[in-house]
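K.L.:
Sequence first, then the predicted structure, then my questions.
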Amino acid sequence: MQYLQSSKFRLAIIVAVGLGLIYKLAVHRGFIPPIVQLLSLTRPIVCPADATLHQVPNTFINTDQALDQLLPANFDRRQISILIEKNQYRLTVYYNQKPVKSYPVVFGNLVGDKQREGDLKTPEGILRIKDKYPHPSWSKFLWLDYPNAQSECKHNLAKQKGKIPWYSTIGGEIGIHGVPVGSDAMIDRRENWTWGCPSLKNQDINELYDFVQIGTIVEIVA
């Protein structure tokens with residue numbers, strides 16, 4: 001009897017450890033949300049409204065001029081920021097809060113703010129560039145810090161309201177990038193081809209790449 005009890009105890013330990021490892025791996029791979037996040041859904045969630053940092057331009061600005069000719073000779077990269085307007089298919093570079101140059105841009109699913117992984121939507125709100133690097137398929141990649149605290153709050157609120165399943169994950173890997181070689185026409189046609197990332201023509205992302213830095217603010221609005 002003692003041997004059977006000991007065997008059952010060891011089996012229970014093995015099963016518990018195994019389930020723990022499976023849970024940890026599933027959370028790490030983004031298959032399920034952490035338990036702590038699910039427990040937070042039991043409390044009322046209030047998300048602050050998205051901040052507004054830029055004055056929206058009336059039209060596309062200086063599209064036929066090089067960005068280095070529009071900025072001061074000794075420009076400060078810390079004064080550069082970006083506004084992306086989804087409904088206008090427009091990305092505008094600002095210097096010291098003043099619009100300098102606009103570029104045409106496309107997305108994935110254009111309707112609504114991003115709420116979960118796989119909805120193909122572009123997140124709205126205030127983000128920052130957290131890394132930048134050449135991309136083998138899309139020329140350059142400006143990696144944004146989605147999800148941040150605001151996007152996580154909106155994600156959890158959508159769960160609490162039943163707009164998305166409780167087991168949904170928030171996603172990531174959102175960035176501004178180019179197009180496959182020879183595919184600039186997708187931008188001209190306003191073809192929303194991505195999985196949620198803003199996409200520019202390769203010549204445009206290549207130009208923009210040289211003037212932004214890690215920490216550059218990117219405001220995205222509907």
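P.N.:
Cool, got the structure.
K.L.:
which SSE is I164 in?
P.N.:
Applying DSSP states H and E as the criterion places I164 outside every helix and strand.
K.L.:
Over to the one 5 residues further on?
P.N.:
Using DSSP H and E, T169 falls within no helix or strand.
K.L.:
I figured it hits D119, correct?
P.N.:
No: applying C-beta atoms under 8 Å as the test, T169 and D119 come out as separate, 11.0 Å apart. Placement of C-beta: from N, CA and C, glycine included.
K.L.:
which helices and strands sit right next to the strand ranked longest in the chain?
P.N.:
Using DSSP state E, we find that the single longest strand of the chain is strand 125-135. The helices and strands touching strand 125-135, judged by 3 or more C-beta pairs under 8 Å, 6 or more residues apart in numbering; DSSP states H and E, are strand 139-144, helix 149-160, strand 217-221.
K.L.:
6 Å instead?
P.N.:
Under the contact definition 3 or more C-beta pairs under 6 Å, 6 or more residues apart in numbering; DSSP states H and E, strand 125-135 sits against strand 139-144, strand 217-221.
K.L.:
which neighbours does it have in its sheet, and in what orientation?
P.N.:
Strand 125-135 has the following strand partners under DSSP bridges: strand 139-144 (antiparallel), strand 217-221 (antiparallel).
K.L.:
Turn the ones you listed into CSV, including mean neighbour count.
P.N.:
Below are these laid out as CSV (neighbours: other C-beta atoms under 10 Å):
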stretch, mean neighbour count
strand 139-144, 22
strand 217-221, 21
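K.L.:
would a markdown table of those strands with mean pLDDT and distance to L67 be doable?
P.N.:
Below are those laid out as a markdown table (pLDDT from 0 to 100; distance: least, C-beta to C-beta, whole Å):
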| stretch | mean pLDDT | distance to L67 |
| --- | --- | --- |
| strand 139-144 | 98 | 14 |
| strand 217-221 | 98 | 16 |
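K.L.:
can you redo those strands as CSV with distance to N202?
P.N.:
CSV is the format used below for the strands paired with strand 125-135 (distance: least, C-beta to C-beta, whole Å):
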stretch, distance to N202
strand 139-144, 4
strand 217-221, 19
